[in-house]
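J.: task: produce atomic coordinates for the following.
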Amino acid sequence: MINTSKSAVIVSLALMVSLTAPASADDRQTYTCSTMSLLNAGNDQDFIEANLEKRFLIQVGDEEIHVLVSSPRFNDHNKIYRVFHTSGGKIYGIERSSVNVGVLALSETYFRGAYQATITVQTPLHGTVWKLSCQKF
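T.: Numbers count the residues shown, from 1 in each chain. Okay, here's the model as predicted:
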């Protein structure tokens, strides 16, 4: 049985990414990801529990990785990572803002029933790592 609320969220995320991502000649891969675990330097349990509910829609292009983040506890938002390294089916992107640096690492190799990814967000005072389990969309 399909969970209609989850299906609606995934379809909404796909539409939002398709509207915000520039079209290009490359054949983009899209992944839907859920948070499997989370490491947080502050070890704040409320923060960890809230962030475990985040879902990610990741669209990989040649030069950019578009990520739409959805959560029942936070406002949905999107980020654009600049691809800075690819090697052996692994893609790495970086995203910078005025307050933090984010790194996304994604393996395009199917392993143990999923594609694996991590997203790391770091500031001078704080760090968080999301371990993601992904499926191609």
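
J.: which ones are touching Pro52?
T.: Careful, residue 52 is Leu; it's not Pro. 35, 37-38 (C-beta atoms under 8 Å, 6 or more residues apart in numbering). Where you see a C-beta, it was placed from the backbone N, CA and C, and this is true even at glycine.

J.: tell me where the model's unsure across this structure.
T.: Within the chain, the stretches with pLDDT under 70 are 1-27.

J.: make it 90
T.: In the predicted model of the chain, residues 1-28, 41-44, 112, 125-126, 137 satisfy pLDDT under 90.

J.: weed out the non-buried ones from the contacts of Leu52.
T.: Among those, those buried by neighbour count (16 or more other C-beta atoms under 10 Å) are 35, 38.

J.: Ile91: which of the contacts of Leu52 is nearest?
T.: Sorting those by distance to Ile91 puts Thr35 at the head of the list, at 19.1 Å, by C-beta to C-beta.

J.: mind listing the helices for this protein?
T.: Remark: helices assigned in the chain by DSSP state H are 4-20, 45-51.

J.: what bridges to Cys134?
T.: Beta bridges link Cys134 to Cys33, Tyr115, judged by DSSP bridges.

J.: quick one: contacts for it?
T.: Counting by C-beta under 8 Å, 6+ apart, Cys134 makes contact with 31-34, 56, 58, 106, 114-117.

J.: before we move on, what about Leu132?
T.: Leu132 makes contact with 33-36, 56, 116-119, according to C-beta under 8 Å, 6+ apart.

J.: could you measure from it over to Phe74?
T.: For Leu132, the distance to Phe74 equals 16 Å [C-beta to C-beta, to the nearest Å].

J.: can you list the contacts of Leu52 in TSV and add distance to Ile65?
T.: Shown next, in TSV, are those (distance: C-beta to C-beta, whole Å):
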residue	distance to Ile65
Thr35	17
Ser37	21
Leu38	20
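
J.: what sits closest to the spatially most central residue of the chain if chain neighbours are left out?
T.: By C-alpha atoms, centre = their mean, the chain has its centre lying nearest to Phe56, at 4.4 Å. For Phe56, ignoring the flanking residues on the chain, the nearest one in space by C-beta to C-beta, 6 or more residues apart in numbering is Cys33 at 4.1 Å.
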